[in-house]
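Participant: model this:
(one chain, ligands or ions: 2)
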Amino acid sequence: MTTPPALLIAGHGTRDDAGAEAFRAFVEELGRRRPDLPVAGGFIELSPPPLGDAVADLVERGVRRFAAVPLMLVSAGHAKGDIPAALAREKERHPGISYTYGRPLGPHPALLKVLERRLDEATGGRDRAEVTVLLVGRGSTDPDANAEVFKAARLLWEGRGYAGVETAFVSLAAPDVPSGLDRCARLGARKVVVLPYFLFTGILPDRVRRQTEEWAAAHPDVEVRSADVIGPEPELLDLVLERYEEAVAGDLRMNCDSCVYRIALPGFEDKVGLPQQPHFHPDDDGHGHGHHHGGHTHSHAH
Ligand SMILES: C[C@@]1(CC(=O)O)c2cc3[nH]c(cc4nc(cc5[nH]c(cc(n2)[C@H]1CCC(=O)O)[C@@](C)(CC(=O)O)[C@@H]5CCC(=O)O)C(CC(=O)O)=C4CCC(=O)O)c(CCC(=O)O)c3CC(=O)O
Ligand SMILES: [Co+2]
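Facilitator: Numbering: from 1, shown residues only. Ligands and ions are numbered 1, 2, ... in the order given. Reported below is the predicted structural model:
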């Protein structure tokens, strides 16, 4: 019998005890969900246990193969750089191990669903057409990572009926939270919900809430509410296990998560499963002008 690879979760780490505890409880919950797997989690900085201890723990339990999933929303420095580097270091420490590495989490439809729920909680389900959302990401010096937050905002806007979804960052990238709120006001927003694009409670989500309250106090003409972080929702557990399965199967799907031909996005349901055709090309009638795009049929039959 071949045993499945273990699951290793890599978290960020925080000086906020409640945030670190939320991560540790989440890893325990993953273990309860998959009693067939050794599961361990560690942080890349600040909080115990460090990622290296989590790997050592797995090795002590007899694990030789594992799949590592970064508990990160975006692909920035941690997911692209230091977690892979930390894993390479662990392989030097434990030469007998092998591992595959999964993708970050966002902007998966499961997360959008949780964000939508957080908004409904904050507004009491009021008329969405009057509500402008300010989605606040962590912010990074990696523009690709910042663009992923804009993508999440746009996908959240599509088909859900909000007046608008604007984007801001808590630090390292513009616009910051007050500028993002200014922008909403200039667009005519009278009801704004600030929605943190963060996994768990922590120092940065607290800062978002504080900055939101300060801005709201200075702008009594705009009704401003704060929504909660994503949190350890069942959707997040399922998504991490989906990332695990992908990493085990070697089936890493780039950004197919939000592909309109695979996922029923609100308002675009009729596109799911549509056969894909090559574009009409004037040179494709047998004259052979050397513009062959062989193998580019973009099939989505997963
Ligand atoms: C408060 C602080 C720690 C403290 O002091 O306790 C903290 C906290 C947290 N960061 C989180 C997430 C991310 N942090 C980064 C990146 C960086 N974070 C850094 C510092 C700090 N981060 C400290 C003070 C920062 C300040 O004052 O502004 C940098 C500068 C240094 C470094 O970490 O090396 C580095 C810049 C790299 C660059 O230059 O681009 C990325 C992007 C990336 O991957 O690079 C992500 C997104 C991951 C994703 O995609 O989800 C979360 C989890 C949030 C959640 O739950 O979702 C928490 C927890 C919390 O908020 O408590
Ligand atoms: Co950080």
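
Participant: which residues touch the helix or strand bottoming out on mean pLDDT in the chain?
Facilitator: Lowest by mean pLDDT, DSSP states H and E among the helices and strands of the chain is helix 77, with a mean of 89. With contact meaning C-beta atoms under 8 Å, 6 or more residues apart in numbering, helix 77 is reached by S140, T141, D142, A145. Every residue, glycine included, has its C-beta placed from N, CA and C.

Participant: ligand 1 next: which of those are close?
Facilitator: When C-beta under 6 Å from any ligand atom is applied, the members of the contacts of helix 77 adjacent to ligand 1 are S140, T141, D142.

Participant: quick check on the residues you listed: which are buried?
Facilitator: Buried by 16 or more other C-beta atoms under 10 Å: S140, D142, out of the ones next to ligand 1 among the contacts of helix 77.

Participant: now render the ones next to ligand 1 among the contacts of helix 77 as CSV, adding secondary structure.
Facilitator: Formatted as CSV, the ones next to ligand 1 among the contacts of helix 77 follow (DSSP: H, G, I helix; E, B strand; the rest coil):
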residue, secondary structure
S140, coil
T141, coil
D142, coil
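
Participant: what's the model's confidence in the helix or strand hosting E214, averaged?
Facilitator: Applying DSSP states H and E as the criterion places E214 in helix 203-218. Regarding helix 203-218, the rounded mean pLDDT is 98.

Participant: thinking again about what came up before, and the contacts of helix 77 as CSV, adding distance to V114 and pLDDT?
Facilitator: Shown next, in CSV, are those (distance: C-beta to C-beta, whole Å; pLDDT from 0 to 100):
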residue, distance to V114, pLDDT
S140, 21, 93
T141, 27, 90
D142, 24, 89
A145, 20, 92
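
Participant: ok, of those residues, which one's closest to F268?
Facilitator: Proximity of those to F268, judged by C-beta to C-beta, is greatest for A145, which lies at 25.8 Å.

Participant: how about the CA coordinates for stretch 44-64, as CSV?
Facilitator: Extracted C-alpha coordinates of stretch 44-64, given in CSV (Å, rounded to 0.1, in the frame of the first residue of the first chain):
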residue,chain,number,x,y,z
ILE,A,44,8.4,31.4,8.0
GLU,A,45,9.0,34.2,10.6
LEU,A,46,8.0,35.5,14.0
SER,A,47,5.7,32.9,15.5
PRO,A,48,6.4,29.4,16.8
PRO,A,49,6.7,26.8,15.4
PRO,A,50,9.1,27.7,12.6
LEU,A,51,8.7,25.8,9.3
GLY,A,52,11.8,23.8,10.0
ASP,A,53,10.3,22.4,13.2
ALA,A,54,7.2,21.4,11.3
VAL,A,55,9.3,19.5,8.8
ALA,A,56,11.3,17.8,11.6
ASP,A,57,8.1,16.8,13.2
LEU,A,58,6.9,15.1,10.0
VAL,A,59,10.3,13.4,9.6
GLU,A,60,10.1,12.1,13.2
ARG,A,61,6.7,10.7,12.4
GLY,A,62,8.3,8.7,9.6
VAL,A,63,7.3,11.0,6.7
ARG,A,64,9.6,11.0,3.7
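
Participant: quick one: mean pLDDT for it?
Facilitator: Across stretch 44-64, the average pLDDT comes to 96.

Participant: so for that stretch, what gets flagged as buried?
Facilitator: For stretch 44-64, the buried set under the neighbour-count rule, 16+ other C-beta under 10 Å, comprises 44, 47, 49-52, 54-59, 63.

Participant: what does stretch 178-191 give?
Facilitator: For stretch 178-191, burial by neighbour count (16+ other C-beta under 10 Å) applies to G180, L181, R183, C184, A185, A189, K191.

Participant: burial measure for Y101, as a count.
Facilitator: 18 (other C-beta atoms under 10 Å).

Participant: once you drop chain neighbours, what's closest to it?
Facilitator: Residue nearest to Y101 in three dimensions, not counting chain neighbours: A68, with 5.2 Å by C-beta to C-beta, 6 or more residues apart in numbering.

Participant: related to what we said a few turns ago, just the CA atoms of the helix holding E214, as PDB, please.
Facilitator: Output of helix 203-218 as PDB, limited to C-alpha atoms (Å, rounded to 0.1, in the frame of the first residue of the first chain):
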ATOM      1  CA  ILE A 203      -1.600  43.300  13.300                       C
ATOM      2  CA  LEU A 204      -2.200  44.400   9.700                       C
ATOM      3  CA  PRO A 205      -6.000  43.700   9.700                       C
ATOM      4  CA  ASP A 206      -6.200  45.700  13.000                       C
ATOM      5  CA  ARG A 207      -4.400  48.600  11.300                       C
ATOM      6  CA  VAL A 208      -6.900  48.500   8.500                       C
ATOM      7  CA  ARG A 209      -9.800  48.700  10.900                       C
ATOM      8  CA  ARG A 210      -8.100  51.600  12.800                       C
ATOM      9  CA  GLN A 211      -7.400  53.600   9.700                       C
ATOM     10  CA  THR A 212     -11.000  53.000   8.500                       C
ATOM     11  CA  GLU A 213     -12.400  54.300  11.800                       C
ATOM     12  CA  GLU A 214     -10.100  57.400  11.700                       C
ATOM     13  CA  TRP A 215     -11.200  58.100   8.100                       C
ATOM     14  CA  ALA A 216     -14.800  57.600   9.000                       C
ATOM     15  CA  ALA A 217     -14.600  60.000  11.900                       C
ATOM     16  CA  ALA A 218     -13.300  62.700   9.600                       C
END
